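Peer 1: quick one, fold the following:
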Amino acid sequence: MLIANVNNKYFVILPMRNAAFIGGTEMAAIKYKTKIDISPDTEILAQKTVEKFITEAQKAIKAGDLFYIAISGGNTPKRSLELLGTLPQSIALPWNKIHLFWVDERYVPINSLQSNYKMAADAFLNKVAIPQNNIHRIPTEFDNLTTAAKKYENIIRNVFKLNEGQIPQFDLIILGMGSDGHTASLFPNSYATFDTNHLACTVYVKNEKLNRITLTHPVLKAARHLIVLVSGKEKAPILREVMISEPDEVHYPIHTLWPVLEKVTWFVDRDAASLLNW
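Peer 2: Just a heads-up that it's a prediction; the model follows:
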């Protein structure tokens, strides 16, 4: 089943007798049960993302007293993080019951303009009442990336009270998607895409000085809910490609989410959706 939200109107497309008249994108989306929420612009997309954050936080806290979330960096999530620091309903959340993690991080100092942690700190962390002990950033101060990845994994295990071999279940993970089909820091043809032995691993990026640490795909897939944010016309070709292609985790690491698509909502703006056939 495909559920599409266009301008706050929801459409459900079922594979009925007239399915032959449905375009390739819709047929692929039906096959893989893709949920796509299309916003007219990036501002509305950001507002919907914050609404989802607030709703899932309230549900998790009501059910289990705590809310565990992992956020991403990048241009698309930035506006959402800014709204978290300004909207009254966000500021009013019981932040002492919210544990904040990062999906991935460039291996740079925490005061670097390229730091995902710094982006979140500047956008909202200093504007809400979240205790410092509830902020679980990816450490980047070690000389060795492997040591840092292991440290982050230990932080996750301690906060979630996990035994060896157990995988945490985040209440919400907010992801993006790159123009090459990567998500988190799981890049095409990267070993990290296939790491099932760790919760967090190192990513050595060719032709780029900024190596990274990322959550592995078993952690992503274990989350209760995931959002993938996609915006801009430059993302339209890759969004259509990953929607119509058969799953190929090597070339399009975003396809690692296909086994759990029922838990994934795609929040995209009109520009990014411009090549989809609806």
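Peer 1: number of residues surrounding residue 233?
Peer 2: Neighbours of residue 233 under the rule other C-beta atoms under 10 Å: 13. Every residue, glycine included, has its C-beta placed from N, CA and C.
Peer 1: what sits closest to it if chain neighbours are left out?
Peer 2: residue 271 (4.4 Å; C-beta to C-beta, 6 or more residues apart in numbering).
Peer 1: ok, now which ones touch that neighbour?
Peer 2: Listed by C-beta atoms under 8 Å, 6 or more residues apart in numbering, the contact partners of residue 271 are 231-233, 235-236.
Peer 1: can you select the buried ones from these in ChimeraX?
Peer 2: Those of these that count as buried under 16 or more other C-beta atoms under 10 Å are selected in ChimeraX with:
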select :231,232,235,236
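Peer 1: relative to residue 92, how far out is residue 151?
Peer 2: Using C-beta to C-beta, to the nearest Å, residue 151 is found at 33 Å from residue 92.
Peer 1: confirm that residue 113 sits in a strand.
Peer 2: No - per DSSP: H, G, I helix; E, B strand; the rest coil, residue 113 lies outside any strand segment and is coil.
Peer 1: do you know how far it is from residue 88?
Peer 2: Counting by C-beta to C-beta - residue 113 and residue 88 are separated by 29 Å.
Peer 1: next: residue 53.
Peer 2: For residue 53, the distance to residue 88 - C-beta to C-beta - is 14 Å.
Peer 1: who has more neighbours out of these two?
Peer 2: residue 53 (24 against 6).
Peer 1: which other helices and strands contact the one helix or strand that one maps to?
Peer 2: For residue 53, the host element (DSSP states H and E) is helix 42-64. Secondary-structure packing of helix 42-64 (3 or more C-beta pairs under 8 Å, 6 or more residues apart in numbering; DSSP states H and E): strand 35-39, strand 67-71, helix 75-84, helix 88-91, strand 172-176, strand 226-230, strand 264-269.
Peer 1: what bridges to the nearest residue to residue 257 once chain neighbours are set aside?
Peer 2: Spatial nearest neighbour of residue 257, chain neighbours left out: residue 264 (5.5 Å); criterion: C-beta to C-beta, 6+ apart. Note on residue 264: beta-bridge partners by DSSP bridges are residue 226.
Peer 1: got it, and the one 4 residues further on?
Peer 2: Taking DSSP bridges, one finds residue 38, residue 230 as the beta-bridge partners of residue 268.
Peer 1: burial count for it?
Peer 2: Neighbours around residue 268, by other C-beta under 10 Å: 25.
Peer 1: now do residue 245
Peer 2: Per other C-beta under 10 Å, the neighbour tally for residue 245 reads 13.
Peer 1: swap in residue 166?
Peer 2: Neighbour number of residue 166 under other C-beta under 10 Å is 12.
Peer 1: and what of residue 95?
Peer 2: 18.
Peer 1: pLDDT score assigned to residue 7?
Peer 2: Residue 7 is assigned a pLDDT of 51 by the prediction.
Peer 1: same thing with residue 74?
Peer 2: 85.
Peer 1: do residue 26 as well
Peer 2: For residue 26, the predicted pLDDT is 57.
Peer 1: you'd agree the residue nearest to residue 233 is in a strand?
Peer 2: No - read with three-state DSSP, residue 271 is coil and lies in no strand.
Peer 1: and the gap between it and residue 99?
Peer 2: The value you get for residue 271 to residue 99, if C-beta to C-beta is used, is 34 Å.
Peer 1: likewise for residue 269?
Peer 2: Residue 269 is 29 Å from residue 99, where distance means C-beta to C-beta.
Peer 1: and the two? Which one has more around it.
Peer 2: Shown here are residue 269 and residue 99; by other C-beta under 10 Å, residue 269 has more neighbours (24 against 21).
Peer 1: right, and the more buried one touches residue 38 too?
Peer 2: Yes - the pair residue 269 / residue 38 is scored as a contact, 7.3 Å apart, by C-beta atoms under 8 Å.
Peer 1: contacting residues for the residue nearest to residue 46 when sequence neighbours are not counted?
Peer 2: Nearest in space to residue 46, with sequence neighbours left out and distances taken as C-beta to C-beta, 6+ apart, is residue 79 at 3.9 Å. Contact analysis of residue 79 by C-beta under 8 Å, 6+ apart lists 42-43, 46.
Peer 1: most surrounded residue in the residues you listed?
Peer 2: Of the contacts of residue 79, with other C-beta under 10 Å as the count, residue 46 tops at 24 neighbours.
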